[in-house]
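1. Sharing a model prediction with you, sequence too.
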Amino acid sequence: MKFLIEKNDLSTLTTMVYRAAANRPTIPVLSGLFIQASAEDGLTMTATDMEIGIKASSKQAEIINPGQVLVNANYFSDFIKLLPDTTITVEYIQETAKLQISYGRSCGNINSYSEFEYPGLPEHELEPRFTMPQSVLKEALRKTVFAAAPGHYRQIFTGVLFDFLEDSVCIVASDTHRLAYFTYTLDTEKIEPNRFVIPVRTVNELLRFLEDNDEPIYISVAKNNVVFYTDQFLLLSRLIDGQYPNYQSVIPANLNTSLTLKTQSLTNSLERARVLPTDDKHEIQHVRFNITPDEILLNSHSDMMGEITEVIENISIEGETDVKVAFNTNYFLDVMKIFDQECEEVTVQLSGSLGPAIVKNPEKDHYLYVLVPLRTSY
């Protein structure tokens, strides 16, 4: 095997794939990066730890001799990143079982796995069940993944739900204290409903691949795994077992108060309110909203450090006033970072002092964020 490729193209392809390899595998080949060169497909790389698998291809390589080799993914990636910006020659030396990487008058030699059976990814068995524009899936995942639980005794909450209905898909994440909900109407004929939950790690890898365009991404689902793929890459992921709860029941229907205010103003107030520490390391940092007919007072309190009160004016209030409600400051800021990028105003809808609230863009209905209030002692 021998091919020529520019360093940036080689580094880009390697970076897309290598993180799927296992760091401490019980099966040695799972720490490897499987490199294939062919005249038909160009340069292809594959890595998997059996929980997630990634395969990506590039036509930027000049294939001199076709072939394949398996090398340690981390060592290969670390080395490629440090190469100078020049044309790289990669050649497998049969006699030494090493992969020779030449750049200018210098070269490196990386040991290969001499005899191996590498687990293939099932690209020849794929039947696309669902199709979405890449930009839509990227937006949906970016706006939901942060609401998943980093750790939870119910593993189902550590992932992101895909709920395919007859003509739409709902993408949802929740840690039971908040919920992010994104819905999209599919541009296809009616489909058979299906739902599955993928790990956050899978979402983060997908976000690295997806483009901001309307090119399709195909989704194929089996009993225990799901495959996302385009012409350039394929990502296989194990599914999280379990039944996702009825998320629709969490979204409040009876909303008593609706506030519309400047996005940047609310974000800045929340950022300043977050400055004060909590008095107890086990206490959740929170901010209290005191809603009057004309304005909103945001209050953050610490017996140890003091108090901050923010007055937010130039707001629109509909429904009940004289409401006091407290929220996790960091949870609120997580969604405000999203709205800061897309809308000048944000709507906060309340269902009393203890009922869940909805935060959303007043001009769009396809995305909303549900936040459960906190009980406070002041």
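-> Done, it's in.

2. With residue 204 as the reference, measure out to residue 235.
-> From residue 235 over to residue 204 the distance is 11 Å, taken as CB to CB, to the nearest Å. Yep, even glycine has a C-beta here, placed from its N, CA and C like the rest.

3. Tell me how many other residues crowd residue 77.
-> The number of residues packed near residue 77 is 19, by other CB atoms under 10 Å.

4. residue contacts, it?
-> Residues counted as contacts of residue 77 (CB atoms under 8 Å, 6 or more residues apart in numbering) are 14-15, 18, 33.

5. Look up the pLDDT of it for me, please.
-> Note for residue 77: predicted pLDDT of 98.

6. mind checking the SS state of it?
-> What DSSP: H, G, I helix; E, B strand; the rest coil gives for residue 77 is helix.

7. and if you look at the one 3 residues further on?
-> At residue 80, secondary structure determined by three-state DSSP is helix.

8. mind listing what it touches?
-> Residue 80 is in contact with 7, 10-11, 14, 88, 101, counting by CB under 8 Å, 6+ apart.

9. cutoff 7 Å now
-> Listed by CB atoms under 7 Å, 6 or more residues apart in numbering, the contact partners of residue 80 are 10-11, 14.

10. what sits opposite residue 6 in the beta ladder?
-> Legend: beta-bridge partners of residue 6 under DSSP bridges are residue 87.

11. ok, it to residue 181 distance?
-> Going from residue 6 to residue 181 by CB to CB gives 43 Å.

12. tell me the helices in the stretch 151-300 of the chain, going along the chain?
-> 200-209, 263-273 (DSSP state H, counting those that start in this stretch).

13. Export those as CSV, with columns for mean pLDDT and mean neighbour count.
-> Converted to CSV, the helices of the stretch 151-300 of the chain look like this (pLDDT from 0 to 100; neighbours: other CB atoms under 10 Å):
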stretch, mean pLDDT, mean neighbour count
helix 200-209, 96, 18
helix 263-273, 94, 18
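
14. Just put these in TSV and tack on distance to residue 283.
-> Shown next, in TSV, are the helices of the stretch 151-300 of the chain (distance: least, CB to CB, whole Å):
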stretch	distance to residue 283
helix 200-209	26
helix 263-273	15
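
15. For residue 250, which of those is the nearest?
-> helix 200-209 (19.5 Å; CB to CB).

16. Identify all contacting residues around stretch 266-286.
-> Residues outside stretch 266-286 that contact it (CB under 7 Å, 6+ apart): 287, 298, 300, 302-306, 308, 310, 312, 326-330, 332-333, 336, 340, 346, 374, 376.

17. I meant to write stretch 141-155 there.
-> Residues outside stretch 141-155 that contact it (CB under 7 Å, 6+ apart) are 157-160, 171-175, 178-180, 182, 200, 203, 206-207, 240, 242, 334, 338, 367.

18. Distance from the chain centre to that stretch, please.
-> Taking CA atoms, centre = their mean, to the nearest Å, one finds stretch 141-155 lying 10 Å from the centre of the chain it belongs to.

19. heads up, I number from 196, so please use that
-> With 196 as the first residue, the last one maps to stretch 336-350.

20. Give the buried residues for that stretch.
-> Neighbour-count burial for stretch 336-350 flags 336, 338-344 (criterion: 16 or more other CB atoms under 10 Å).

21. Would you tell me which one of the residues you listed comes nearest to residue 410?
-> When the buried residues of stretch 336-350 are compared for distance to residue 410 (CB to CB), residue 336 wins out at 16.0 Å.

22. Alpha carbons of the strand or helix carrying that closest one, as CSV, please.
-> In this structure, residue 336 sits in helix 329-337 according to DSSP states H and E. What follows is helix 329-337, C-alpha atoms only, in CSV (Å, rounded to 0.1, in the frame of the first residue of the first chain):
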residue,chain,number,x,y,z
GLN,A,329,-27.7,17.6,7.8
SER,A,330,-28.3,21.2,8.9
VAL,A,331,-31.5,20.3,10.7
LEU,A,332,-30.1,17.3,12.5
LYS,A,333,-27.1,19.4,13.5
GLU,A,334,-29.3,22.2,14.9
ALA,A,335,-31.5,19.7,16.7
LEU,A,336,-28.6,17.9,18.4
ARG,A,337,-26.9,21.2,19.3
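
23. Spell out which residues make up each domain of the chain.
-> The chain breaks down into these domains under automatic domain parsing: 197-306, 319-443, 447-566.

24. Between the two ends of the shortest one, what distance do you get?
-> It refers to domain 197-306. Using CA to CA, to the nearest Å, the end-to-end distance of domain 197-306 comes to 16 Å.

25. Show the average pLDDT along the helix holding residue 336.
-> Average pLDDT, helix 329-337: 98.

26. between that helix and helix 395-404, how many degrees?
-> In terms of direction (axes from the mean of the first three to the mean of the last three CA atoms, to 10 degrees), helix 329-337 departs from helix 395-404 by 140 degrees.

27. Show me how far helix 329-337 is from its chain's centre.
-> That offset, for helix 329-337, works out to 9 Å (CA atoms, centre = their mean).

28. and if you look at stretch 346-357?
-> Using CA atoms, centre = their mean, the distance from the centre of stretch 346-357 to the centre of the chain it belongs to is 14 Å.

29. now do the same end-to-end measure for it.
-> 19 Å.

30. Stretch 345-361 too?
-> Taking CA to CA, stretch 345-361 runs 31 Å from one end to the other.

31. which residues of the stretch 446-573 of the chain fall in strands?
-> Secondary structure of the stretch 446-573 of the chain by DSSP state E, counting those that start in this stretch: the strands cover 452-457, 481-486, 491-497, 501-507, 511-514, 518-523, 540-545, 552-555, 562-566.
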